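Enquirer: The amino acid sequence is not available; the structure is as follows:
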């Protein structure tokens, strides 16, 4: 199946998970991990829109130094709700609950996750949590920042803090249950022969992510509960006027919220580890190092939280401890980046859309990660804390990193999920549009931050206007880069060319079953006796030493 | 993961140990050991907890992954407390805090 | 519902199913450790900052009732462990007996908790506008021991002096504020614990019903084991709560 021979016409399998049963009840009461993944796809996309609308309003308001689009109070609500929607309802669930849910059982050769009903419950919990937060947005909004610092959030804010805090608290359990499900599944449900070191790196990434989910999320849950109780019952834990300590809130909050960013990035790294070998036609370089670095990031990620708190007046002793540990956590991420690059070296590179996203990820995550080191330095952070430098840093890792990983992963596995191919030329154009738009939006913000423009401010000095205009212009291009896939991916579900089981082709257990897969994933339980990413030894896919390497995408 | 059946004899021994621990910790609390008060209290509590986990919860007889889970839970809890302590250890402990509280209550 | 130990669709063998259920419960308990952990951190920080007030607050808890509750819960852990043994050794009559004993002991615990909470309510020790550390000594009940009340008065006065050595009148206000933090944590932590016990009670009711139908045996007793794990965890949390909340500075009184 290569471009050098006409690609065979594939037919959709007669029975698969999408047509196994019909009707709304069969979807809302499903326990099939693949259908639950699609339920999540629908909901996270919705919240992405919600967060995106707030982002649009922010960027339009910031076109002029004394923005006239919204009042200062409303501006506070815009950036808060943008953060809450994007972080808790899009970034944290997206890859694990959509791609992880769909792929993990198939990748390990199982019929489903260990606890399918709990999987469905996770989705419903997400929906209930989301409803509370939407209610908060619609009844006065939220102006505390997504970080809910006290005593603003627990005492003084006049916005709808209580329903939002309840919603995020509830949503935390969705995350916890998903993580629990993944951990148990990966431990107990692997097919015969699927040893730990034959697992795809995508699975290792999700295992590490799940560790973070189950160890960190409960802490933010109790923290928000305490802040909510403080607001409703006038307790005093975080209120200085009552002897409480606002810094305690920050310690508790960031104990989760820093590892949370690793919940967002680790799955994306897992996606990249799947895409790069496929489109470089080479086994991944340093498999065990990448696997170990995933665990290392998850563990060390818990040791660095107070780097968000350097300027709070915490003890210098704490600041230095956390600064040192923050530098440490960069090491495993660097290991991954080196290994991906080494995989590309002397590979046979194809420029298919997933590969464009993966390459974009490597470059943008590199910039985002390195600027994190700037921020890790206590002395430097004093100047750039709470400026647009921070904003640019985290958007580079979260959007340039996690979102590109998500969109790339969607493109990579779209043929498996839907059985259809999307139009390749359009998809490459969209990927490039996204990349250009993204950089135009956020690179100027590094400069703005370094020059001193504070974040979360509704105005700025006039000399910063040019860069802000660039940023807003970039945002409009970025928006186009998001809209295009939404359109053509939806289009492809109906009109796309039938993909067949393995369009790229890729190694990996998921590509050995039909596209779309049957409900039970495999007609016969597979027995695994090969190593992962064996791109140099698969004659059935046209991949063997000495044979000319075929480009991946055989169609269009 | 026990088809390992633990004999009631062991349960009885653990029960007695736990009751003894309770008695000891109450007695210790009624005496003053200065800064060691909290150390003794937590040491006895932790011993009791470990007995419950190892024998009542069968952790002693469980597969390695379960034992790893128990260790991780304890480790992460200690992490949370210890790293936060790097901040609070440098803050004054138990000093008088005046005006903010009183102002709140006077108004 | 998982009645006769039949195999769920996603599993290949019963063994895999049982392993998954047990491991799943252990992983869930890890999340509970961290959930309570946030409260323990809050407690630790506030105790470090306001040790005197915490001592005063802690001495207002009833040590006898607290110790009885600890003994009750330890006993219930024992009966729960015996239930697992009974299920594993096919003792189908003993099993519901042990489970019911566990439930009853849990009920005793909650009953005593209710008595304690009511006491606090009567003594104006619920955080809020009517919180007043001195309520009890200023409004003694006929059943109160005068020596005890005198000791408490001395303790409060000393603590108030410690809070504000240069401004005696503000000392009591500050003490009240900080003691409220203690009691907020007392109610928060024991309340969350009690909530978990109620859930545990519900789980026990479920397995009692099933055990009375004879559903559990040597080959199938997973629900008993995992309910047991949960119940023991709740016991472990109480072991720490007892030490941290009830046993501060008792020698001073």
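Expert: Okay, I see it. Computed from a predicted model, the values in this text were never measured in an experiment. Numbering: from 1, shown residues only, chains lettered A, B, ... in the order given.
Enquirer: can you pull the contacts of residue A:474?
Expert: A:436, A:437, A:438, A:439, A:440, A:441, A:442, A:444 (Cβ atoms under 8 Å, 6 or more residues apart in numbering or on different chains). From N, CA and C alone the C-beta is placed, and that goes for glycine too.
Enquirer: Just send those back as a markdown table, with neighbour count and distance to chain C too.
Expert: Output for these, formatted as a markdown table (neighbours: other Cβ atoms under 10 Å in any protein chain shown; distance: Cβ to the nearest Cβ, whole Å):
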| residue | neighbour count | distance to chain C |
| --- | --- | --- |
| A:436 | 15 | 42 |
| A:437 | 20 | 39 |
| A:438 | 23 | 35 |
| A:439 | 19 | 38 |
| A:440 | 18 | 41 |
| A:441 | 24 | 36 |
| A:442 | 25 | 34 |
| A:444 | 22 | 39 |
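Enquirer: how would you label the closest residue to chain B within the stretch 401-550 of chain A: helix, strand or coil?
Expert: Residue of the stretch 401-550 of chain A nearest chain B, by Cβ to the nearest Cβ: residue A:528 (20.2 Å). The local conformation at residue A:528, judged by DSSP: H, G, I helix; E, B strand; the rest coil, is coil.
Enquirer: If we ignore the residues flanking it in sequence, what's nearest it?
Expert: Nearest residue to residue A:528 in three dimensions, chain neighbours excluded: residue A:193, at 3.6 Å (Cβ to Cβ, 6 or more residues apart in numbering or on different chains).
Enquirer: Phi, psi for the one you found please.
Expert: Backbone torsions of residue A:193, given as degrees, to the nearest 10, read phi 90, psi -10.
Enquirer: wait, isn't it in contact with residue A:531?
Expert: No: judged on Cβ atoms under 8 Å, residue A:193 makes no contact with residue A:531 at a distance of 10.9 Å.
Enquirer: Which neighbours do the two have in common?
Expert: Counting by Cβ under 8 Å, 6+ apart, nothing touches both residue A:193 and residue A:531.
Enquirer: on that earlier part again, what about the residue of the stretch 401-550 of chain A closest to chain B, how many residues nearby?
Expert: 17 (other Cβ atoms under 10 Å in any protein chain shown).
Enquirer: what's it in contact with, if anything?
Expert: A:109, A:191, A:192, A:193, A:194, A:198, A:509.
Enquirer: Can you say which of the residues you listed are buried?
Expert: The neighbour count (16 or more other Cβ atoms under 10 Å in any protein chain shown) marks A:109, A:191, A:194, A:198, A:509 as buried among the contacts of residue A:528.
Enquirer: Summarise which helices and strands the one helix or strand residue C:156 maps to is packed against.
Expert: Assessed by DSSP states H and E, residue C:156 sits inside helix C:146-163. Packed against helix C:146-163 by the contact rule (3 or more Cβ pairs under 8 Å, 6 or more residues apart in numbering or on different chains; DSSP states H and E) you find helix C:51-59, helix C:135-138, helix C:168-212.
Enquirer: For the residue of chain A found nearest chain B, what are phi and psi?
Expert: Residue nearest to chain B within chain A (Cβ to the nearest Cβ): residue A:315, separated by 3.4 Å. The phi/psi pair for residue A:315 (degrees, to the nearest 10) reads phi -70, psi 150.
Enquirer: surely it meets residue B:90?
Expert: Yes: here residue A:315 reaches residue B:90: they are 3.4 Å apart, a contact under Cβ under 8 Å.
Enquirer: For those two, indicate the residue with more neighbours.
Expert: Using other Cβ under 10 Å as the criterion, residue A:315 and residue B:90 rank with residue A:315 on top: 15 against 12.
Enquirer: lowest confidence element among the helices and strands of chain C?
Expert: Least confident helix or strand of chain C, by mean pLDDT, DSSP states H and E, is helix C:146-163 with a mean of 89.
Enquirer: now the angle between helix C:168-212 and that helix, please.
Expert: Orientation check (axes from the mean of the first three to the mean of the last three Cα atoms, to 10 degrees): helix C:146-163 against helix C:168-212 gives 120 degrees.
Enquirer: Figure out how far helix C:146-163 is from the centre of its chain.
Expert: How far helix C:146-163 lies from its chain's middle: 28 Å, per Cα atoms, centre = their mean, to the nearest Å.
Enquirer: in it, what's buried?
Expert: Across helix C:146-163, burial judged by 16+ other Cβ under 10 Å covers C:152, C:155, C:156, C:157, C:159, C:160, C:162, C:163.
Enquirer: hang on, the earlier thing: so which of the buried ones among the contacts of residue A:528 also contact chain B?
Expert: Filtering those for proximity to chain B by Cβ under 8 Å from any Cβ of the partner chain leaves nothing.
Enquirer: Save the buried residues of helix C:146-163 as a markdown table, and put in distance to residue A:49 too.
Expert: Listed next are those as a markdown table, based on distance: Cβ to Cβ, whole Å:
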| residue | distance to residue A:49 |
| --- | --- |
| C:152 | 60 |
| C:155 | 60 |
| C:156 | 58 |
| C:157 | 62 |
| C:159 | 56 |
| C:160 | 57 |
| C:162 | 57 |
| C:163 | 53 |
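Enquirer: Quick check: of these, which lies closest to residue A:276?
Expert: Taking Cβ to Cβ as the measure, residue A:276 lies nearest residue C:163 of the buried residues of helix C:146-163, at 62.4 Å.
Enquirer: Which members of the contacts of residue A:528 define the maximum pairwise distance?
Expert: Among the contacts of residue A:528, A:192 and A:509 lie farthest apart (Cβ to Cβ), at 12.2 Å.
Enquirer: Mutual contacts of these two, please.
Expert: In contact with both residue A:192 and residue A:509: A:109, A:528, using Cβ under 8 Å, 6+ apart.
Enquirer: ok, residue C:127 touching residue C:188?
Expert: No: counting by Cβ under 8 Å, residue C:188 is not a contact partner of residue C:127; they are 9.5 Å apart.
Enquirer: just to revisit the earlier point, so can I have a markdown table of the contacts of residue A:528 showing secondary structure and pLDDT?
Expert: Below are these laid out as a markdown table (DSSP: H, G, I helix; E, B strand; the rest coil; pLDDT from 0 to 100):
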| residue | secondary structure | pLDDT |
| --- | --- | --- |
| A:109 | coil | 93 |
| A:191 | coil | 92 |
| A:192 | coil | 91 |
| A:193 | coil | 91 |
| A:194 | coil | 92 |
| A:198 | helix | 93 |
| A:509 | helix | 91 |
